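[1] coords please:
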Amino acid sequence: MGCAIAASFQWQAMASKTLDTPAFQRIQQTRNDLPSVYRKKCDQWYYSDALLPCEFGNPKAEKTLVVLGDSIGLQWFPAIEKAFPSADWRIVVMTKSACPVVDEPIFYARIGREYTECARWRKAALARIAEIAPDQVILGSTDTYDFTPTQWRDGTARILQQIAPTAGQVHILRSTPTLPFDGPDCIAPRGALWNHFARSSCTAPAHDAQSDAVLRELQAAVSGFRNAQVVDMTDAVCPHGQCAAERNGMPTYRDSRHLAASFVAILAPLLSQRLGFKSNAVDKRQVNLRE
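    Here you go, the predicted model:
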């Protein structure tokens with residue numbers, strides 16, 4: 001009994017010491033490494049269907065960008081903000097977590113019912129975009145929603161039918177891969193025994209059947225619109241088909257699904273290129289992370 005108590009106190013002391021280390025604190029900070037849009041409370045989740053656009057950049061700029069999506073789409077905002085210089089662009093953000101940019105009803109298990117707030121919010125957002133008639137539109141949502149292939153294709157096409165006629169260019173961001181583990185938790189510092197026996201490589205394949213199937217349906221949906229394209233950043237996030245929770249000392253994910261904002265920001269030059277803008281200012285950290 002005494003040995004067990006002593007071991008317990010020793011474990012607690014070691015755990016407390018680990019929590020205080022800079023390495024552990026850095027990992028924990030990754031969980032809070034979110035895009036700036038959330039500090040402006042643009043997203044009211046399922047609590048409201050009110051459309052609350054947040055604006056960034058130059059309110060008097062001649063060019064306007066609209067960004068519409070759920071938390072997976074808006075995780076790209078740190079790169080988007082860099083790709084569209086604030087002096088030249090007015091950026092309008094409309095975001096609602098767990099609300100797909102697909103014109104289909106969705107049952108949301110977390111609230112135990114159909115997510116009607118999402119449908120009403122999305123309808124209002126699409127009407128606002130048509131009214132703004134922006135130069136550029138970026139759409140993005142996760143590919144894990146429970147839609148059939150037909151729903152993915154036709155529901156996305158209906159979205160485009162409503163905004164493509166008045167928009168200059170429309171870009172649909174492919175969803176980023178989901179890890180089968182929590183990124184920060186996997187790379188958190190632990191004892192030697194854990195590292196030897198329990199810790200995984202903190203890596204996972206970049207592709208799966210569901211994600212690739214959704215990509216095909218998105219590509220089919222945009223094929224009928226001359227000003228729409230799908231932008232795939234998977235190879236930048238997960239080089240050589242392999243995702244990792246950390247690359248060259250930089251955490252990449254802030255959980256199992258969302259990218260860390262600091263990591264996203266360094267991918268801005270490549271995102272800019274794939275959106276159709278010329279950019280030679282490739283971040284050296286980006287080159288290193290892709291090796």
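[2] just the strands in this structure please.
    Taking DSSP state E as the criterion, the chain contains strands spanning 54-57, 63-69, 89-95, 107-108, 113-114, 136-140, 169-173, 203-205, 228-231, 242-244, 246-247, 250-251.
[3] verify the contact between A133 and A167 for me.
    Yes - using C-beta atoms under 8 Å, A133 is in contact with A167, at 6.8 Å. For glycine as for every other residue, the C-beta is placed from the backbone atoms N, C-alpha and C.
[4] tell me which of the two has more neighbours.
    Between A133 and A167, counted using other C-beta atoms under 10 Å, the more crowded position is A167 (23 against 13).
[5] give me the pLDDT for the more buried one.
    At A167, the pLDDT value in this model is 98.
[6] residues contacting the spatially closest residue to it that is not a sequence neighbour?
    In space, not counting the residues next to it along the chain, A167 is nearest to V137; the distance is 4.8 Å by C-beta to C-beta, 6 or more residues apart in numbering. Applying C-beta atoms under 8 Å, 6 or more residues apart in numbering to V137 gives the contacts 65-68, 129, 163, 167, 169-171.
[7] what does stretch 25-33 rub up against?
    Contacts made with stretch 25-33 from outside it, assessed by C-beta under 8 Å, 6+ apart, are listed as 19, 183-184, 187-189, 251, 253-255, 260-262.
[8] which pair of those spans the longest distance?
    Taking C-beta to C-beta as the measure, the contacts of stretch 25-33 reach their widest spread between L19 and A261, a distance of 23.2 Å.
[9] which of these two has more residues huddled nearby?
    Looking at L19 and A261 with other C-beta under 10 Å, you find the greater number of neighbours at A261, namely 21 against 12.
[10] how far does stretch 256-269 sit from the chain's center?
    Offset of stretch 256-269 from its chain centre (C-alpha atoms, centre = their mean, to the nearest Å): 8 Å.
[11] just the endpoints, please. Distance across it?
    Taking C-alpha to C-alpha, to the nearest Å, the first and last residues of stretch 256-269 lie 25 Å apart.
[12] and the average pLDDT for it is what?
    The average pLDDT for stretch 256-269 rounds to 97.
[13] I'd like the distance between A157 and E104.
    Distance, A157 to E104, by C-beta to C-beta, to the nearest Å: 11 Å.
[14] one more: L218?
    When L218 is compared with E104 (using C-beta to C-beta), they lie 14 Å apart.
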